[in-house]
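In: sequence and computational prediction follow.
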Amino acid sequence: MQNRLTILLFLFFSLPLIFVSCDSDYSPKRRGFFRIDLPEKAYHQFDTTYPYFFEYPVYGHILPDERKSSEPYWIDLDFPRFDATVHITYKPVSGMKENLNEYTEDARSFTNKQIPKATAINEELVMIPETSVYGMVYYIEGTEVASTIQFFVTDSVDHFLRGALYFNITPNNDSLAPVIDFLKEDIDYLIKTLRWQ
């Protein structure tokens, strides 16, 4: 009798739970990231009275650098769709090797500031003799790195240009990886089309 009563109590309390739980629309979702729609690649030329010009993507906007520390010919290549900016600074070399050494060391030290959060820094040498564009591109890996791509280029005589990609959000470079790879192509194209004036 005791067993029969236990079975009846079990059925009395468990059957309603089974019916209620089977009626739910809930199903667990896999963790993932939002889909990022990337635009088609197309470029136009930044050709002004600046001492340099290059081609940049049509989905980017050239804006004057409005920071207090900005100098002439400093610009921001803004990508509002991705909430990202490539800060571009320019320095005249004036034929002085000391200036060029100082500028390249500054570019390296800006890159080295990423070391605490970086898992790797990959360097790529830039050598385009036909347009006198020489320098280095740094691809900085790490989930919380603030700037994943930095570069500097020079003609070794008159011009020095430095750029750094920043996202205007808290870095989570795992989820931003498709955008970083997409903008890497645009930065590489900017460097390849760079000309001095």
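Out: Received the coordinates, thanks.
In: and the helices in this protein, which stretches?
Out: 2-22, 97-112, 173-192 (DSSP state H).
In: helices or strands up against the second one?
Out: Helix 97-112 makes packing contacts with strand 133-141, strand 149-154, strand 159-167 when contacts are defined by 3 or more Cβ pairs under 8 Å, 6 or more residues apart in numbering; DSSP states H and E. For every residue, glycine as well, the C-beta is placed using N, CA and C.
In: I'd like those strands laid out as TSV, including distance to D188.
Out: Putting these into TSV (distance: least, Cβ to Cβ, whole Å) gives the following:
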stretch	distance to D188
strand 133-141	7
strand 149-154	9
strand 159-167	11
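In: among those, which comes closest to L38?
Out: strand 159-167 (15.2 Å; Cβ to Cβ).
In: quick one, the closest one and strand 149-154 angle?
Out: 170 degrees (axes from the mean of the first three to the mean of the last three Cα atoms, to 10 degrees).
In: note down every partner strand of strand 159-167 and its orientation.
Out: With DSSP bridges as the test, strand 159-167 is paired with strand 84-92 (antiparallel), strand 149-154 (antiparallel).
In: most tightly packed of those strands?
Out: strand 149-154 (a mean of 24; mean count of other Cβ atoms under 10 Å).
In: list the contacts of that one.
Out: 93, 100, 103-104, 107, 110-111, 114, 126, 133-140, 160-165, 180, 183-184, 187, 191, 194 (Cβ atoms under 8 Å, 6 or more residues apart in numbering).
In: which regions of the protein sit below the pLDDT cut-off?
Out: 1-3, 5, 8-35, 95, 171 (pLDDT under 70).
In: now A146: how far from T48?
Out: 29 Å (Cβ to Cβ, to the nearest Å).
In: quick one: which of these two has more around it?
Out: Each of A146 and T48 has its neighbours counted (other Cβ atoms under 10 Å); A146 has more, 17 against 12.
In: tell me if I'm right that the more buried one and I115 touch.
Out: No. If you go by Cβ atoms under 8 Å, A146 and I115 don't touch, sitting 11.6 Å apart.
In: look up how far T89 lies from S69.
Out: Counting by Cβ to Cβ - S69 and T89 are separated by 9 Å.
In: my understanding was that D186 contacts G60; is that so?
Out: Yes. If you go by Cβ under 8 Å, D186 and G60 touch, sitting 7.2 Å apart.
In: which residues does Y139 contact?
Out: The neighbours of Y139, taking Cβ under 8 Å, 6+ apart as the test, are 121-124, 148-149, 184.
In: let me know the closest of those to D83.
Out: Using Cβ to Cβ, those come closest to D83 at T148, 13.9 Å.
In: tally of neighbours for the closest one?
Out: T148, neighbours per other Cβ under 10 Å, totals 26.
In: and if you look at T49?
Out: The tally of other residues near T49 (other Cβ under 10 Å) stands at 7.
In: what bridges to K91?
Out: Here K91 sits in beta bridges with F160, going by DSSP bridges.
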